[in-house]
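1. I would like the atomic coordinates for the input below:
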Amino acid sequence: PMTAGPFPAPLCLNKAKGLIELLELLSGRRVPAPPAVTDRKNTKQLARASLGTYDQILIFLRGTGALLASIKSDYLLPLPDFLRLAEAGVGTIPATQRAGRLSRRRTKALTAEHVAAHAAAWVEVVMQTLRALVFCRVTPASFRAPPFPLTMPEETITALSNEAPMLNGANAYSSSETLLLRWLEAHWSLSRPEEAPLAIADARTTLCDGHVFAAVIASHVPSTAAHAAPATRGAPSRPAGRLATLAPAPCDGTGSTANMGAVLSTLAELGVPFRAGPADNNDYAGTLANGSARELLIFALHLHQVLPHCVPKATVSFAGGLHETVVKEIELSNPSPRPVEYDVVLDGAPCFFIDRKSPSSKEPARMLLRLEPRASVKFPVAVTSAFTGEMWATLRFLSRGDGIGVSNASTLVFELKAEICLLYTSPSPRDGLL
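-> Model prediction:
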């Protein structure tokens, strides 16, 4: 629908059908429809019907706790409908309550008023939708649900849970937004224990240079901020992670934009890009570096939703002898009625193989995996080492879903560990029995 034009034109298509479907998906409830038009030739009835759809949307959102008392449904209408409403005189604001044929002068005045208020009204509706139906999911209980326990120590989760009841008195941020800021502070301390604890009072000032977001990513995926490493036996040399070379704080505008660019590039490499859809190729680094507090909070919410899935779910262990090929299989299933596609990325020691491809010092090994609807597949991973000792690698399944032809799926990450010895003896069937 983005072909309909710039924001908010796509949201106005088909009487805001896309927004209504989104609200019903997020809330699990049906948005009431306005009364049907009985006389298609009655211009006043048609004008009231177009306005009634947006009235019902605002009533529904206010019922979920959205703060939209200042928003008038007249300003949510596209310009042609807004002018017809003014001509019929059935609006809810002074500009649309005076019926009569529109003169050129009045049309120009109405157009100017609509342009000034239309986009701002839609921005507020979208933001309040996020606050009422998405941010509210950030709760103390959510930190104890998988996969969050893999990302933080138990004492950190307990501290967040104990602090939650004291967040209800915030004025600038809701309790969920404040808890999200505390989550950022917790991962700052986990990623940079040598630095002073962080206290975020003003999200705009603290987050705009990208350092906090980089620390949160590094807390989940330490390799993104690792320093360059020389080649060792069984492991190639590794360049420094993107987040290891940020412009130091305090940053000017150029440094903040460069840092945000590194953060966004890292997310894209991890398979969890910050974008509106697969066709969205916009660069949001400058937007975030100069963004408002609520825009930075939306980005923080994105990190909260996707980064826990970048933490390894399990370690797949291999044991074998020198130059011996050992194969393990990871079983994946697709319960959805649509196919699932993954970009499979293997990064680490070159002794690991997927589809006869091994990672190198320049780039990881990659392949495409497709799971048909309601099907399972056993994905083989092999190791053949020319060195003894422990070898490590990371295997990532990055979803390519668009939610239309291919189902969206969570990112899956596994650690691979190989223990190679000179002479390896397979365990007997009785080993491990009590």
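
2. ok, and Leu51, which helix or strand is that part of?
-> Assigned by DSSP states H and E, Leu51 belongs to helix 43-63.

3. sorry, that was for Leu181
-> With DSSP H and E as the test, Leu181 turns up in helix 175-191.

4. now for that helix, which elements pack on it?
-> Packing partners of helix 175-191 (3 or more CB pairs under 8 Å, 6 or more residues apart in numbering; DSSP states H and E): helix 154-163, helix 211-220, helix 293-306. The C-beta positions use only the backbone N, C-alpha and C, and glycine is treated the same way.

5. Which residues does it contact?
-> Contact partners of helix 175-191, identified using CB atoms under 8 Å, 6 or more residues apart in numbering, comprise 131, 135-140, 143, 151-153, 156, 159-160, 163-164, 167-168, 170, 173, 195, 197-200, 203, 207, 212, 215-216, 218-220, 225, 297, 300-301, 304.

6. and the angle for that helix with helix 293-306?
-> 60 degrees (axes from the mean of the first three to the mean of the last three CA atoms, to 10 degrees).

7. pLDDT of the helix or strand that helix 175-191 is followed by, averaged?
-> Next helix or strand after helix 175-191 toward the C-terminus (DSSP H and E): helix 203-207. For helix 203-207, mean pLDDT rounds to 92.

8. mind checking how far helix 203-207 is from the chain centre?
-> Distance of helix 203-207 from the chain centroid (CA atoms, centre = their mean, to the nearest Å) equals 19 Å.

9. Same question for stretch 348-365.
-> That offset, for stretch 348-365, works out to 28 Å (CA atoms, centre = their mean).

10. One more: stretch 124-136?
-> Distance, stretch centre to chain centre, for stretch 124-136: 15 Å (CA atoms, centre = their mean).

11. do the same with stretch 319-329
-> 38 Å.

12. Stretch 71-85 too?
-> Remark: stretch 71-85 is offset 32 Å from the chain centroid, using CA atoms, centre = their mean.

13. And that stretch, what's buried?
-> Buried positions in stretch 71-85, judged by neighbour count with 16 or more other CB atoms under 10 Å: 71-78, 81-85.

14. Would you mind giving those residues as a markdown table with distance to Leu422 and secondary structure added?
-> Output for the buried residues of stretch 71-85, formatted as a markdown table (distance: CB to CB, whole Å; DSSP: H, G, I helix; E, B strand; the rest coil):
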| residue | distance to Leu422 | secondary structure |
| --- | --- | --- |
| Ile71 | 73 | coil |
| Lys72 | 78 | coil |
| Ser73 | 77 | helix |
| Asp74 | 80 | helix |
| Tyr75 | 76 | helix |
| Leu76 | 73 | helix |
| Leu77 | 77 | coil |
| Pro78 | 75 | coil |
| Asp81 | 79 | helix |
| Phe82 | 80 | helix |
| Leu83 | 84 | helix |
| Arg84 | 84 | helix |
| Leu85 | 83 | helix |
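
15. Of those, which is the nearest to Glu324?
-> Glu324 has its nearest neighbour among the buried residues of stretch 71-85 in Leu76, at 67.1 Å by CB to CB.

16. quick one: the closest residue to that closest one other than its chain neighbours from Leu11, how far?
-> Nearest non-adjacent residue to Leu76, counting by CB to CB, 6 or more residues apart in numbering: Tyr54, 4.4 Å away. From Tyr54 over to Leu11 the distance is 11 Å, taken as CB to CB, to the nearest Å.

17. Alright, calling it a day.
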